[in-house]
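In: Structure, please.
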Amino acid sequence: MGRGKVDPYSFGQTWLGRQRLMLGGFGKLISRFAKVEQGALLVFFAMCCAAIFLIAALSFDLGKRAATQTELQSFADNVALASAAELDGLPGAMVRAQTAADRLIRDNATFALENTDLAGTEDFVMRLYETLPTNEAAFDSELDQSDAVNDRRARFARIEVNPVIVEWSFARILSVFTSDALPTQEVLAEATAGYAGMACDVSPMFICMPDADPGVDLDGVWDPANHIGQSISLSSETGGASSWGPGDFGFIYVEAVVDAASPCFGETGADLYNCMITAEGRLTECIQNGSLALQPGLQPGVAQSFFNSVMDIYVTDGFGLAADSAFPVAPIVTKPFEEGETCGGSLPAQVNDASALLPDDCLASGTCGSVNVGDGDWSEARLAYVDANFSTNLDSLGTIAPEERITVAGNEYHIDDPFRPGDTGNPRRSAYDDYPVMQEGASRWNYYNAEVAAAYFQNPAAALQGGEVDITGVSSSLRPTPIDLLDVALPDGTPVVRSGTSLPHCAPSDNHSLDPRRRVLTVAVVDCATEPLDGRGEARARWFVELFVLGPASGNNSTGEFSFDAEIISGDLSENSVEPAQGVFRNLAQLFR
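Out: Model prediction:
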């Protein structure tokens, strides 16, 4: 071809060659780019940062929910405990539980969308139950809080906190990558707590609550704190729905004592009751108030012989109690029996020149408002007690002669009372100079402690602390030989011979106790008028009180029937358990769920 012309064929080859060259260069560029590793870490780092951000965001949301759950659960727990602590089985318990739940507990739900303050019934629902339900479905059977009869039955409080909303803030980003809905934003909490009153180391006995005295029991309920010093006549009851009443006593069911250190360990049946009522020292057994299994006082085998062993009386002592160190005799055991006649065999006839402490005057005259409970006035009974035990005029025993009644500081005393105050016209006898003074109006319990102090201690007044003998560290202050308080003498020293004695003599000398509380029982007080008793049943004690036994029990050993007189010497021990009261009392509120 000439120089000016283009060969079409060669042109096509040239264009294709150029295209191939260009594509080949681009492929090499791609190949080189794929082989270059610079900058790859930056991409990986960016992906990791995104993942970490999402995890941190999700953790923040989960943390808010966990914190709120903790706050709600703490609120529910505390409200449940506060309300359960008021479910003591007494009138008004449910109202008090609701009030405690509504007013005592405050908390916060920090991350809640609304209502961050937790306070009051608008934030929860309270349900009450008699027993702890075994499953969630059983929680439907709640007690009617408008029915006052349920005050006695309510024992458990369940608190259901109203749900609060905690928003998902960052977790919503995850919803972009999934079709699943986010979990609910509601946070819930609930708690169940129960009440239990425990009484440990008490006598397994209960008495029916006396009727209220409108003059002192202003709320219409008998309160032992208003009746300290009053005497009460108690008798065993056979049971029956209509027979329980003030002055009746029965027993609290105890299956066994599990503490090997207890003197009652291993005993069963009647022997267990006899031991727990009479043995000295800690009984190491607890009973749950509110679930007291009550039994009639007339129990075959539960014998007055055990009860009277504390008074140094061993009628047909086939049990060997006199020498048993678990059953020491009380320090003063003055009783209307001839010395030596209570150490075995049948109970002898009573004598008139010795006497146990006597009940209130109105019980003797039949003028009390109740046939079983006195009014605390034993002024005539004190005169009669002194006349029988300390009078130097045996010719007038049983009848206090006018010259034997004297007045000191406006109060009347028997002239031969060893513990009366003296004045210029009626000084005390020199033999009684170091005896404690018991003013008119002193309780029998205080008078008895004065007798113990006078008989056993070299400095009786110092031994008597707050009306009760202090037996701690007494070995150096004891008299070499105890004084028989009934060994009195005329002013010229001539002995006045009596048939009785104030000191124990049947039990060996190494089985005598110095503790006046050997004659004290700690018993439950049950409102027999409202508790569902029919001979026996489960009930709650309204109070636990101490009773000072005034003298021997009387009754029938073969049937278990017996009765005795006592003086109320304490208020409610379960509310204010202070030394030296016998027994340990704890009111417990416990979380269950």
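In: Could you list the paired strands of the longest strand along the chain along with their orientation?
Out: Ranked by residue count and defined by DSSP state E, the top strand of the chain is strand 186-200. The strands beside strand 186-200 in its sheet (DSSP bridges) come out as strand 156-165 (antiparallel), strand 286-289 (antiparallel), strand 584-591 (antiparallel).
In: Let me have those in CSV, extended by mean neighbour count.
Out: The C-beta positions use only the backbone N, C-alpha and C, and glycine is treated the same way. Formatted as CSV, these follow (neighbours: other CB atoms under 10 Å):
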stretch, mean neighbour count
strand 156-165, 21
strand 286-289, 18
strand 584-591, 15
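In: a markdown table for those, including mean pLDDT and distance to residue 444?
Out: Converted to a markdown table, the strands paired with strand 186-200 look like this (pLDDT from 0 to 100; distance: least, CB to CB, whole Å):
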| stretch | mean pLDDT | distance to residue 444 |
| --- | --- | --- |
| strand 156-165 | 81 | 43 |
| strand 286-289 | 70 | 28 |
| strand 584-591 | 71 | 25 |
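In: just so I know, which of the ones you listed lies nearest residue 482?
Out: strand 584-591 (31.7 Å; CB to CB).
In: want to try JSON lines for the strands paired with strand 186-200, with distance to residue 432 as columns?
Out: What follows is those, written out as JSON lines (distance: least, CB to CB, whole Å):
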{"stretch": "strand 156-165", "distance to residue 432": "60"}
{"stretch": "strand 286-289", "distance to residue 432": "44"}
{"stretch": "strand 584-591", "distance to residue 432": "39"}
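In: quick one: which of the ones you listed is nearest residue 562?
Out: strand 286-289 (22.7 Å).
In: Just give me how far the closest one sits from the chain centre.
Out: 8 Å (CA atoms, centre = their mean, to the nearest Å).
In: Identify each buried residue in the next helix or strand after it, please.
Out: Counting by DSSP states H and E, the element after strand 286-289 in chain order, helix or strand, is strand 292-295. By neighbour count, with 16 or more other CB atoms under 10 Å as the criterion, the buried positions of strand 292-295 are 292, 294, 295.
In: if we can go back for a sec, which one of the strands paired with strand 186-200 lies closest to residue 122?
Out: Proximity to residue 122 (CB to CB) singles out strand 156-165 among the strands paired with strand 186-200, at 7.8 Å.
In: got the end-to-end distance for stretch 396-404?
Out: For stretch 396-404, the first-to-last residue distance is 10 Å (CA to CA, to the nearest Å).
In: which stretches of the stretch 51-200 of the chain have low pLDDT?
Out: Within the stretch 51-200 of the chain, the segments meeting pLDDT under 70 span 51, 53-58, 60-61, 108-116, 133-140, 149, 152, 167-184.
In: Strands of that one, residue ranges please.
Out: Along the stretch 51-200 of the chain, counting by DSSP state E, counting those that start in this stretch, strands occupy 107-108, 117-118, 124-129, 156-165, 186-200.
In: With respect to residue 48, which of the ones you listed lies nearest?
Out: Among the strands of the stretch 51-200 of the chain, the nearest to residue 48 by CB to CB is strand 186-200 (31.8 Å).
In: Which positions within the closest one qualify as buried?
Out: Buried residues in strand 186-200 (16+ other CB under 10 Å): 187, 189, 190, 191, 192, 193, 194, 195, 196, 197, 199.
In: now do stretch 121-137
Out: 123, 124, 126, 127, 128, 129, 133.
In: how about these, which pair is most distant?
Out: Farthest-apart pair in the buried residues of stretch 121-137 is 123 and 133; separation 23.1 Å (CB to CB).
In: and residue 505, what pLDDT?
Out: The model reports residue 505 with a pLDDT of 91.
In: Which helix or strand contains it?
Out: Going by DSSP H and E, residue 505 is not in any helix or strand.
In: got the domain boundaries for the protein?
Out: 46-197, 201-591 (automatic domain parsing).
In: thinking residue 592 is in contact with residue 190, fair?
Out: No. Using CB atoms under 8 Å as the test, residue 592 is too far from residue 190 to be in contact (11.6 Å).
In: follow-up on the earlier one: just give me the closest of the buried residues of stretch 121-137 to residue 219.
Out: The nearest one, if we look at the buried residues of stretch 121-137 relative to residue 219 and count by CB to CB, is residue 128, at 23.2 Å.
In: That closest one is in contact with residue 147, isn't it?
Out: No. Contact criterion CB under 8 Å: residue 128 and residue 147 do not qualify, at 10.7 Å.
In: mind listing the helices for the chain?
Out: Here the chain has its helices, by DSSP state H, at 8-35, 40-84, 93-103, 269-278, 304-309, 361-365, 379-390, 444-456, 460-463.
In: What average pLDDT does the first one get?
Out: Which is helix 8-35. Here the average pLDDT along helix 8-35 is 54.
In: Show the contacting residues for residue 470.
Out: By CB atoms under 8 Å, 6 or more residues apart in numbering, residue 470 lies in contact with 463, 464.
In: can I get the CA coordinates of stretch 67-85 in PDB?
Out: Once non-C-alpha atoms are left out, stretch 67-85 reads as follows in PDB (Å, rounded to 0.1, in the frame of the first residue of the first chain):
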ATOM      1  CA  ALA A  67     -29.800  -2.600  88.900                       C
ATOM      2  CA  THR A  68     -33.500  -2.000  88.800                       C
ATOM      3  CA  GLN A  69     -34.300  -5.700  89.500                       C
ATOM      4  CA  THR A  70     -32.000  -5.500  92.600                       C
ATOM      5  CA  GLU A  71     -33.700  -2.300  93.800                       C
ATOM      6  CA  LEU A  72     -37.200  -3.800  93.400                       C
ATOM      7  CA  GLN A  73     -36.200  -7.100  95.000                       C
ATOM      8  CA  SER A  74     -34.700  -5.300  98.000                       C
ATOM      9  CA  PHE A  75     -37.800  -3.200  98.300                       C
ATOM     10  CA  ALA A  76     -40.000  -6.300  98.100                       C
ATOM     11  CA  ASP A  77     -37.900  -8.200 100.700                       C
ATOM     12  CA  ASN A  78     -38.000  -5.300 103.200                       C
ATOM     13  CA  VAL A  79     -41.700  -4.700 102.900                       C
ATOM     14  CA  ALA A  80     -42.400  -8.400 103.300                       C
ATOM     15  CA  LEU A  81     -40.300  -8.600 106.400                       C
ATOM     16  CA  ALA A  82     -41.800  -5.400 107.900                       C
ATOM     17  CA  SER A  83     -45.300  -6.600 107.400                       C
ATOM     18  CA  ALA A  84     -44.600 -10.200 108.500                       C
ATOM     19  CA  ALA A  85     -43.200  -8.900 111.800                       C
END
